[in-house]
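> Here is my input; please provide its structure:
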Amino acid sequence: MLAAGLRNIEVFSAFLLTQLGAVLLVIPAITSTAISGERERGTYEALYSTLLSPFAIIFAKILAPVGYVILVLLSSAPAVCVLYLLGGISFGSFLRCYAVTLAAVILAGFLCLTASMRSRRNSYAVVRGIVWVVFWNLGLLFLCQLVFLLLMTSGGLQNRSMEAVFMLVGPCISPLIPIMFEMRSPAPLPFMIAQPWVLYLGFAGLLSLLHLAYLLRQVRKPELALGRWRERRLAGLAQRKASGSLPRRKARRQTRALLTRVLCWLGEQGVSGARNPVFLKEIRSEVFGRPWFRRLLFWIPLAIFVAIAAIDAPWFHLNEKIATINTVALTLTLLLVPAIAASSFPREIEQGNMDFLRGTLLPSSEVLGGKFLASLYSCTGIVLATACVNTALVTFDTQLGNYPPLVVFVLGFGVLSMNLLFTTALSTLASVLAKRSVVAMVATYVTALCLYAGFPVALEIANAWEADLLMATNPYVAVWFDDMPSHDRPLICAPLFLLLSGVGTVLLCGAATSVVVVKGARD
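Alright, predicted model coming up:
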């Protein structure tokens, strides 16, 4: 009976965490377009002529998407009640976990509405919404844990002190800890000032009120809340360029990264692969070719990876450091690639450029290839930062695991690169099938969530967990093959993942090309 109760707790925890991850990914898609969509349709100024108060406007904009998600959560309550009837879970824990989930949904709604207020286009708003939701629910917790580990290994904190500080800070900044705490040990710890779910409700409520105050202040302003400094800078650059005080080449350098300029030069010289006109157009005009984007996407991951590599503990050996860095890089690419690649073709439709693109003499395969290469280029900073830190670890670190560090490095980097290709192909297929950027992004994120989280959870619920199967199909398990049992199958399953992902990438690219050809012939 006790074993059945523990099993039910594990299933209930997996259900709640999967449900939380699903709704937090859905919220940006249906909330981030609330105000940016008004700007794209040219109806934002019409809000000034209404008699609605700022609070009524904000309340209406956030009630529809958040209310829809709450209804979805309520519709799943009967299934959770069945788990409650199986035993092992108190009714109070059931209600507290749902209260934490509800608070996370409301906070995510305000975060995405703020991102929508600060964006001109829906695609930018969705990307910003996803980034902020992931940061406040998972990223900040990871950064705090990383800081605590660095302090502990450097002697700044003792183990008990770190545990006390982390248990005070963790529940405030992430809904994961209160849910897991309710499932594992609902009794409060001696050094905690309140229950974890109370701490998170207070933090989420305070942050939501701050965002509400910001939205009420900005809702009546016709200009963007963010970006005025950039508009003034670009206007100043244009004025200096017109007056002749700024050379044309220097003005172009202000808006293009070094790698972008190199690729453009190679394309102009006719180098194979870089001369694709669609690829050159993408890296010249889109946001992922700008200097600030390239710098952020390299230096921020590099700083995180260096901090992980700097942890000096006997239980955190070299191979685990490499696997942890690859895991973080996988998560960053999975968050970024769908936002870039899934909006590539719908973005042309929304900007009115699709007919012009079809009117060129470019074949469908070249158009698709240019979009595909541009999406890969958007994530080169993350991959380069991963390669730099892991290479330094393999070169200078002497700690060993079950396998040679060079093998772990090569296979892990291969898994990261192949998963990047597969995710880009999946996003490109969603892009050619959908007519709106938001629909393509949501379809890609939901598919990725089902593949990388839903499938392992389903195996766990069905009590059919198979490490070799997951290692061959899931990149997060494949990069941790060094921690698998010490036999030869991990060295077989990890390359098998590369083979299966490669075949899947080819099939998805072929399907996307066929769809583009069929749509072009039909139109």
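
> Tell me which stretches of the stretch 351-500 of the chain form helices.
When secondary structure is read from DSSP state H, counting those that start in this stretch, the stretch 351-500 of the chain shows helices at 354-359, 364-377, 380-396, 405-433, 437-449, 455-461, 467-473, 475-478, 489-522.

> Give the buried residues for the fourth one.
By that I understand helix 405-433. Applying a neighbour-count criterion of 16 or more other Cβ atoms under 10 Å, the buried positions in helix 405-433 are 405, 407-409, 411-433. All C-beta atoms are positioned from the backbone trio N, CA, C, and that covers glycine.

> now do the second one
Residues of helix 364-377 classed as buried by neighbour count (16+ other Cβ under 10 Å): 364, 367-377.

> State the pair within these that is farthest apart.
By the measure Cβ to Cβ, those have their two most distant members at 364 and 377, which lie 20.4 Å apart.

> lowest average confidence, helix or strand, in the chain?
Counting by mean pLDDT, DSSP states H and E, the chain has its least confident helix or strand at helix 248-254, which shows a mean of 46.

> and after that one, which helix or strand comes next?
Read in the C-terminal direction, the helix or strand following helix 248-254 is helix 258-268, with elements assigned using DSSP states H and E.

> As a markdown table, the buried residues of helix 364-377 with distance to residue 263 would be great.
Converted to a markdown table, the buried residues of helix 364-377 look like this (distance: Cβ to Cβ, whole Å):
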| residue | distance to residue 263 |
| --- | --- |
| 364 | 23 |
| 367 | 18 |
| 368 | 18 |
| 369 | 14 |
| 370 | 12 |
| 371 | 15 |
| 372 | 15 |
| 373 | 9 |
| 374 | 10 |
| 375 | 14 |
| 376 | 12 |
| 377 | 7 |
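
> Point out the least confident one among the residues you listed.
Checking pLDDT across the buried residues of helix 364-377, the minimum falls on residue 364 at 76.

> any weak-confidence spans in the stretch 1-150 of the chain?
Within the stretch 1-150 of the chain, the segments meeting pLDDT under 70 span 1-8, 48, 83-84, 86-88.

> From residue 140, how far out is the residue nearest the centre of the chain?
The residue at the geometric middle of the chain, judged as the C-alpha nearest the mean C-alpha position with Cα atoms, centre = their mean, is residue 335 (2.4 Å). Counting by Cβ to Cβ, to the nearest Å, the separation of residue 335 from residue 140 is 15 Å.

> got it, and residue 346?
With distances defined as Cβ to Cβ, the gap from residue 346 to residue 140 amounts to 31 Å.

> Comparing these two, which shows the higher neighbour count?
When neighbours are counted by other Cβ atoms under 10 Å, residue 346 comes out ahead of the other of residue 346 and residue 140, with 24 against 16.

> Can you name the helix or strand that the more buried one falls in?
Following DSSP H and E, the helix or strand that holds residue 346 is helix 344-351.

> try residue 113
Secondary structure assignment for residue 113, by DSSP H and E: helix 91-117.

> Run through who's touching the following helix or strand past that helix.
For helix 91-117, the following helix or strand on the C-terminal side (DSSP H and E) is helix 122-134. The contact list for helix 122-134 (Cβ atoms under 8 Å, 6 or more residues apart in numbering) reads 24-25, 27-29, 31-33, 35-37, 40, 108, 111-112, 114-116, 118-119, 287, 335, 339, 343, 347, 350, 437-438, 441, 445.

> Only whichever of those residues are buried, select them in PyMOL.
Those of the contacts of helix 122-134 that count as buried under 16+ other Cβ under 10 Å are selected in PyMOL with:
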select buried, resi 24+25+27+28+29+31+32+33+35+36+37+40+108+111+112+114+115+116+118+119+335+339+343+347+350+437+438+441+445
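
> follow-up on the earlier one: got the angle for the helix holding residue 346 vs helix 364-377?
Between the axis of helix 344-351 and that of helix 364-377 there is an angle of 100 degrees, by axes from the mean of the first three to the mean of the last three Cα atoms, to 10 degrees.

> If you count contacts, what does helix 344-351 end up packed against?
Using 3 or more Cβ pairs under 8 Å, 6 or more residues apart in numbering; DSSP states H and E, the elements in contact with helix 344-351 are helix 354-359, helix 364-377, helix 405-433, helix 437-449.

> Residue 476 is nearest to which of these?
With Cβ to Cβ as the measure, helix 405-433 is the member of the helices and strands packed on helix 344-351 nearest residue 476 (9.2 Å).

> What angle do helix 344-351 and the closest one make with each other?
Going by the same axes, to 10 degrees, helix 405-433 is angled at 40 degrees with respect to helix 344-351.

> just use 22 as the starting number from now, easier for me
Let's use 22 as the start, then, which means that last one is helix 426-454.

> Return the distance of helix 426-454 from the chain's centre.
The offset between the C-alpha centroid of helix 426-454 and the centroid of the whole chain comes to 15 Å, using Cα atoms, centre = their mean, to the nearest Å.

> so which of the helices and strands packed on helix 365-372 comes closest to residue 233?
Using Cβ to Cβ and comparing the helices and strands packed on helix 365-372, the one that lies nearest residue 233 is helix 458-470, at 23.7 Å.

> Can you get me the start-to-end distance on stretch 497-517?
Stretch 497-517 has an end-to-end distance of 14 Å (Cα to Cα, to the nearest Å).

> pretty sure residue 217 is touching residue 202, no?
Yes - counting by Cβ atoms under 8 Å, residue 217 sits close enough to residue 202 to count as a contact (4.6 Å).

> Domain map for this protein?
Domain assignment for the chain by automatic domain parsing gives 23-247, 334-543.

> Make a markdown table from the ones you listed and add distance to residue 328 to it.
A markdown table is the format used below for those (distance: least, Cβ to Cβ, whole Å):
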| stretch | distance to residue 328 |
| --- | --- |
| domain 23-247 | 5 |
| domain 334-543 | 10 |
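
> Report all helices and strands that the strand or helix carrying residue 59 contacts.
Using DSSP H and E, the element containing residue 59 is helix 54-62. Helix 54-62 sits against helix 75-96, helix 112-138, helix 143-155, with contacts defined as 3+ Cβ pairs under 8 Å, 6+ apart.

> got the CA coordinates for the last one in PDB?
So the one you mean is helix 143-155. Backbone C-alpha positions of helix 143-155 (Å, rounded to 0.1, in the frame of the first residue of the first chain) are rendered in PDB as follows:
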ATOM      1  CA  ASN A 143       3.500  39.900 -32.800                       C
ATOM      2  CA  SER A 144       6.500  37.700 -33.500                       C
ATOM      3  CA  TYR A 145       8.700  39.900 -31.300                       C
ATOM      4  CA  ALA A 146       6.100  40.000 -28.600                       C
ATOM      5  CA  VAL A 147       5.800  36.200 -28.500                       C
ATOM      6  CA  VAL A 148       9.600  35.800 -28.400                       C
ATOM      7  CA  ARG A 149       9.900  38.300 -25.500                       C
ATOM      8  CA  GLY A 150       7.000  36.700 -23.700                       C
ATOM      9  CA  ILE A 151       8.500  33.200 -23.900                       C
ATOM     10  CA  VAL A 152      11.900  34.500 -22.800                       C
ATOM     11  CA  TRP A 153      10.500  36.300 -19.700                       C
ATOM     12  CA  VAL A 154       8.200  33.500 -18.700                       C
ATOM     13  CA  VAL A 155      11.100  31.000 -18.900                       C
END
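
> Of all the residues in the following helix or strand past that helix, which ones are buried?
Beyond helix 143-155 in the direction of the C-terminus, DSSP H and E gives the next helix or strand as helix 161-174. Within helix 161-174, the residues scored as buried using 16+ other Cβ under 10 Å are 161-163, 165, 167-171, 173.

> Tally up the residues packed near the residue nearest to residue 136 when sequence neighbours are not counted, please.
Leaving aside its chain neighbours, residue 136 sits nearest to residue 149 (3.8 Å; criterion: Cβ to Cβ, 6 or more residues apart in numbering). Using other Cβ under 10 Å, residue 149 has 22 other residues around it.

> What of residue 156?
Based on other Cβ under 10 Å, the number of other residues close to residue 156 is 15.

> ditto for residue 468
A count of neighbours around residue 468, defined by other Cβ under 10 Å, yields 17.
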